[in-house]
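Chemist: Kindly return the folded structure for what I paste below:
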Amino acid sequence: EVQLVESGGGLVQPGGSLRLSCAASGFTFSNYAMSWYRQTPGKERELVAVIGGAGTTRNLADSVKGRFTISRDNAKNTLYLQMNSLKPEDTAVYYCNTRAYGRDYWGQGTQVTVSS
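Modeler: Have a look, this model is predicted:
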């Protein structure tokens, strides 16, 4: 059974940093691209970052380029999102995602709140 479990969210002041983690199990982690999405109430879920299975291909949304970094440790089956220079508009529930066996899998989400 594919499982994705996010952690690392919390309350941070503007300009601060957080690192999100997503522990994956139930599939061959290194074979699949992984993504981070975020969602605020009343809005569509937004793609934030994608990383290829080997970790050499990465794409970031324009809104987070230069501030966020996506990475993965295939030995630990873990996906990361390093978030620096956080802004109030980064406040959202962050989800990790993979598309495996013909369907999307999601974690339960972790809340990130950027506020003074």
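
Chemist: Can you tell me the centre-most residue of the protein?
Modeler: Trp36 (3.0 Å; Cα atoms, centre = their mean).

Chemist: Let me know the pLDDT of that residue.
Modeler: Trp36 is assigned 98 on the pLDDT scale.

Chemist: could you point out which element follows the helix or strand harbouring it?
Modeler: Element membership of Trp36, judged by DSSP states H and E, is strand 34-39. Toward the C-terminal end, the helix or strand that comes next after strand 34-39 (DSSP H and E) is strand 46-51.

Chemist: ok, which stretches of the chain are strands?
Modeler: Along the chain, the segments classed as strands by DSSP state E run 3-7, 10-12, 18-25, 34-39, 46-51, 58-60, 68-73, 78-83, 92-100, 103-106, 110-114.

Chemist: Ignoring the adjacent residues along the chain, who's closest to Val114?
Modeler: Leu86 (4.6 Å; Cβ to Cβ, 6 or more residues apart in numbering). C-beta coordinates here come from the backbone N, C-alpha and C atoms, glycine included.

Chemist: Tell me who's in contact with Asn77.
Modeler: Listed by Cβ atoms under 8 Å, 6 or more residues apart in numbering, the contact partners of Asn77 are Ala23, Ala24, Ser25, Phe29.

Chemist: Okay then, goodbye and thanks.
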